[in-house]
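> pasting the structure only:
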């Protein structure tokens, strides 16, 4: 029996979130100064006006292509988008000449770890105008979210996950005084009370989503990604606690049993999911559970200098490609996520490229980083298209991305809320 889908995350701003944002804003001043006087002199503000003219406009929702298009952004939102018309735009409004280029909505990275101002700016420069955090160690993602609200040309709009709900919190027990008592638990964060506590602290800190796990990590050679760390009952406890706060759960997963337990527990999206099986994919389609395969992260393992990780990547990647292809054929919703972290930001276009290589048609691959990912983030009607009323976020690429999807890895221009990033 299918369960109702989890409501989209809230835009509520908490006092703690504002304070965290202020801390990152203070740090951003130093970053701007280091970038030089030209960067520091650029106008800052919540939104901008811009006309993008002469390019070929692609609408991922419909697949419609409009040549010699004009996109008018006023106060950070799309005022009009389509064939060149008679819009009375003041000459003072900045213009971006896109002749010979293609214009698309800003891209969405549904699984990324942004902990610094520099990482946020790099992600934006690579085409990510909206994102969902895959967790951070000390609530840095909540601060990045507040930075993005105040200075949108410095960071993608972000759905923050706070800290990872995992058996061993490590240094994250220091992220909030309310968590310190959990450091003394003999078995780690496993009891229903401990699981609820971590979720409740995340919600109190203003997290938009909750991140948990069912398996160990693939990126650490001494861990077994197929080893299950939480049971169905424990995952259900996390999901229930998150739902009480109106939040959905994303779940790090690899094994088929782990994937199945996570989906039955009611997670909103399955992350990685290399060995997800057909029975679980059918459940996901029924429940509208999203699949965020992070193909780029698994492909990256194959290039690791560590022989264990390299072999793991080589073995996992073809299995994951098949899972993505099967999910698409069954109608399971897919979202693009790079799982980037630690200052190594993978272009979101690379994930779209790998979706295409896994067997998705080019337009459907593009949708995993636009309209599809927007639904997962609760941003339908806000991002994923360049249409009236949508956010004034765009990427400009040098040619037709449906013919050469790799162009998305090299955006010529990135526009966030009407401002060039």
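Yep, it's here. This structure is a prediction, so every number in the text was calculated from the model and none was measured. Residues are numbered from 1 along each chain as shown.

> So which residue is smack in the middle of this structure?
residue 110 (2.3 Å; CA atoms, centre = their mean).

> State the next helix or strand along the chain beyond the worst-scoring helix or strand of the chain on mean pLDDT.
The weakest-scoring helix or strand in the chain, judged by mean pLDDT, DSSP states H and E, is helix 37-41 (a mean of 31). Note on helix 37-41: by DSSP states H and E, the next helix or strand toward the C-terminus is strand 50-58.

> List the neighbours of that following strand that are in contact with it.
If you take CB atoms under 8 Å, 6 or more residues apart in numbering as the criterion, strand 50-58 is touched by 64-73, 81-82, 84, 89, 93-104, 366, 386, 392, 394, 396, 400-402, 415, 418-420. Using the backbone N, CA and C atoms, a C-beta is placed for each residue, glycine as well.

> rewinding a little: secondary structure class for the residue nearest to the centre of the chain?
Assigned with DSSP: H, G, I helix; E, B strand; the rest coil, residue 110 falls in the strand class.

> residue contacts, it?
131-132, 269, 290, 292, 335-337, 373, 376-377.

> Which of those sits closest to residue 156?
residue 131 (4.5 Å; CB to CB).

> does that closest one have beta-bridge partners, and which?
Per DSSP bridges, the residues bridged to residue 131 are residue 109, residue 158.

> residue boundaries of the helices in this protein?
Per DSSP state H, the chain carries helices over the ranges 15-35, 37-41, 117-125, 140-150, 192-204, 232-244, 256-265, 278-287, 295-301, 307-330, 348-357, 362-367, 371-376.

> Remind me what the longest one packs against, helices and strands.
Judged by 3 or more CB pairs under 8 Å, 6 or more residues apart in numbering; DSSP states H and E, helix 307-330 is in contact with helix 278-287, strand 290-292, helix 295-301, helix 348-357.

> In the shortest one, which residues are buried?
Residues of strand 290-292 classed as buried under the neighbour-count rule (16 or more other CB atoms under 10 Å) are 290-292.

> just those residues now: which is nearest residue 246?
Looking across those and measuring by CB to CB, the closest to residue 246 is residue 290, at 17.7 Å.

> from what I can see the closest one touches residue 334, true?
Yes - counting by CB atoms under 8 Å, residue 334 is a contact partner of residue 290 at 7.1 Å.

> Now do the same contact list for residue 83.
Contact analysis of residue 83 by CB under 8 Å, 6+ apart lists 66, 68-70.

> actually residue 175, not the one I wrote
137-139, 163 are the contacts of residue 175 under CB under 8 Å, 6+ apart.

> So which of those belong to strands?
Nothing among these maps onto strands, per DSSP state E.

> Now render these as JSON lines, adding distance to residue 52 and pLDDT.
What follows is the contacts of residue 175, written out as JSON lines (distance: CB to CB, whole Å; pLDDT from 0 to 100):
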{"residue": "137", "distance to residue 52": "38", "pLDDT": "96"}
{"residue": "138", "distance to residue 52": "38", "pLDDT": "96"}
{"residue": "139", "distance to residue 52": "35", "pLDDT": "97"}
{"residue": "163", "distance to residue 52": "39", "pLDDT": "97"}
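
> for the residues you listed, which one is nearest residue 276?
For those, the nearest to residue 276 is residue 163 (25.5 Å; CB to CB).

> Next, the contact list for the closest one, please.
When contacts are counted by CB under 8 Å, 6+ apart, residue 163 touches 135-139, 169, 172, 175, 179, 198, 201-202.

> ok, 6 Å please
Contact analysis of residue 163 by CB atoms under 6 Å, 6 or more residues apart in numbering lists 172, 175.

> domains of the chain?
Residue ranges for the domains of the chain, per automatic domain parsing: 15-28+107-383, 45-106+384-421.

> Single out the most deeply packed of these.
domain 15-28+107-383 (a mean of 22; mean count of other CB atoms under 10 Å).

> returning to that earlier point: as TSV, the helices and strands packed on helix 307-330 with mean pLDDT and distance to residue 327 would be great.
Converted to TSV, these look like this (pLDDT from 0 to 100; distance: least, CB to CB, whole Å):
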stretch	mean pLDDT	distance to residue 327
helix 278-287	98	5
strand 290-292	98	5
helix 295-301	97	12
helix 348-357	98	11
